[in-house]
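Student: Have a look; sequence and predicted model below, questions after that.
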Amino acid sequence: MNMPALVNYAREPFSVELREVPIPEISDTDVLVRVGAASICGSDLHQWHGSHGWAVNYPCILGHEFSGTVARTGGAVKAFKEGDRVVSETAAVIDEASPMSRAGLYNLDPARRGFGYGVNGAMTMYVRVPERCLHRIPDSLPFHKAALTEPCCVAYNAVCVNGRVRPGDSVLVLGPGPIGLLCAMMAKLSGAGKVIVAGLPADAFRLEAARQLGADVTLTEKPVDYISQLGDRLGVDTVVDAAGVSATLKTAMDAVRPAGQIIKVGWGPQPLGFSIDPIVQKNVTLTGSFSHNWPVWERVISMISSGQINLDPVISRVCDLQHWAECFEKMHSGEYVKAVLTS
């Protein structure tokens, strides 16, 4: 029996199409999940455009932000049964014996491979998932919101685990994409006194979403000029660089105060072309943040379920898999913040 799936089949730009593929087989330690919803990530757009910088196991079904229902379990699966409502982490392949995995930081295991590029993802009807990746979700949590658990976990790990935002702090977020917006929300939930989100004039729709999520100020040009007049004029306590281009690190260095922190969560493959000596001069902490792990997921599921995390301003469209192209295009253009596909 076959099923429709959104497949990235080659490295060339726009090598993505709907195909009929077999329903996956599962091993003893796997669970077959009937997909309820799969959210579109910026990395899906990069693979669509052929602008990604990571290896893809072509052909590969896209989609790593997803929720659904357990349809079948392998013989060794103990914690889940048919009908359970679940979300899945992204670390589809890890070396469980590696030092990082043993320390609970399997997200940093060099052997890690994720859904949607390393193994088949969830923009389809059924996806094979290792039991260790799954978390239960309550009946009250709709699948289209549960699918955004993963980007919320990225933001929580960046701001609340790797960051040191304290009540009253000033925080600048560079880049109002989904991760940047969720980082702004996490900063506000952490007690930040002033949250500033900076983007481009084309980001008007996303900056409106930032205000709905609690941002105090949104900017479309020269954030350093604004920050140079703020408070004691030494800069902000924390900068979250979620822009996805290397050049914004310079803006972050100019905007952060001495002894402050820069959290880089956006990917920027371009060479820097400037000195990072201001990090030394200002005694700034530059922190990278990647992915998430089990305790982050449990905390975030609780926050979404309780309404503490408000996803309404982030979800612009929910539609079926057949409308994937429109959703990809409008997320790329900034007309949608997040689009969620249902199968």
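Tutor: Great, that's in hand. Residues are numbered from 1 along each chain as shown.
Student: okay, now the closest residue to residue 32 other than its chain neighbours: neighbour count?
Tutor: Nearest residue to residue 32 in three dimensions, chain neighbours excluded: residue 72, at 4.2 Å (CB to CB, 6 or more residues apart in numbering). All C-beta atoms are positioned from the backbone trio N, CA, C, and that covers glycine. Other residues near residue 72 come to 16 when the count uses other CB atoms under 10 Å.
Student: Cross-check the contact I'm expecting between residue 72 and residue 34.
Tutor: No - Residue 72 is beyond contact range of residue 34, at 9.0 Å (criterion: CB atoms under 8 Å).
Student: how about the residue nearest to residue 32, phi and psi?
Tutor: phi -160, psi 150 (degrees, to the nearest 10).
Student: Which pLDDT does the model give it?
Tutor: You'll see residue 72 listed with a pLDDT of 98.
Student: now do the one 5 residues further on
Tutor: Reading off the confidence values, residue 77 has pLDDT 98.
Student: if I pick it, what's in contact with it?
Tutor: 28, 29, 30, 31, 131 (CB atoms under 8 Å, 6 or more residues apart in numbering).
Student: Helices of the stretch 151-300 of the chain, start to end?
Tutor: 178-189, 204-212, 223-227, 248-255, 277-281, 294-306 (DSSP state H, counting those that start in this stretch).
Student: gap between the residue nearest the centre of the chain and residue 32?
Tutor: For the chain, the residue nearest the mean C-alpha position is residue 151 (2.9 Å; CA atoms, centre = their mean). Separation of residue 151 from residue 32 (CB to CB, to the nearest Å): 24 Å.
Student: returning to that earlier point: deepest-packed of the helices of the stretch 151-300 of the chain, please.
Tutor: Most buried of the helices of the stretch 151-300 of the chain, by mean neighbour count (mean count of other CB atoms under 10 Å): helix 178-189, with a mean of 27.
Student: What is that one packed up against?
Tutor: Helices and strands in packing contact with helix 178-189 are listed as helix 149-156, strand 170-174, strand 194-198, helix 204-212, strand 236-241; criterion 3 or more CB pairs under 8 Å, 6 or more residues apart in numbering; DSSP states H and E.
Student: circling back: settle this for me: the residue nearest to the centre of the chain is touching residue 180, isn't it.
Tutor: No - taking contacts as CB under 8 Å, residue 151 lies outside contact range of residue 180: 10.4 Å.
Student: and the host helix or strand of residue 5, how far out from the chain's middle?
Tutor: Using DSSP states H and E, residue 5 falls within strand 2-8. Remark: strand 2-8 is offset 23 Å from the chain centroid, using CA atoms, centre = their mean, to the nearest Å.
Student: Same question for stretch 301-320.
Tutor: The chain centre lies 13 Å from the centre of stretch 301-320; the measure is CA atoms, centre = their mean.
Student: how long is that stretch end to end?
Tutor: Stretch 301-320 has an end-to-end distance of 24 Å (CA to CA, to the nearest Å).
Student: Stretch 161-176 too?
Tutor: 21 Å.
Student: Quick one: mean pLDDT for it?
Tutor: On average, stretch 161-176 scores 98.
Student: Quick check: buried residues in it?
Tutor: For stretch 161-176, the neighbour count (16 or more other CB atoms under 10 Å) marks 161-165, 169-176 as buried.
Student: Scan the contacts of residue 77 and report the most crowded one.
Tutor: residue 31 leads these on contacts (other CB under 10 Å) with 27 neighbours.
Student: Report the secondary structure state of that one.
Tutor: Under DSSP: H, G, I helix; E, B strand; the rest coil, the three-state class of residue 31 is strand.
Student: ok, the residue nearest to residue 189 when sequence neighbours are not counted - how many residues close by?
Tutor: Spatial nearest neighbour of residue 189, excluding adjacent residues (CB to CB, 6+ apart): residue 308 at 6.9 Å. The tally of other residues near residue 308 (other CB under 10 Å) stands at 11.
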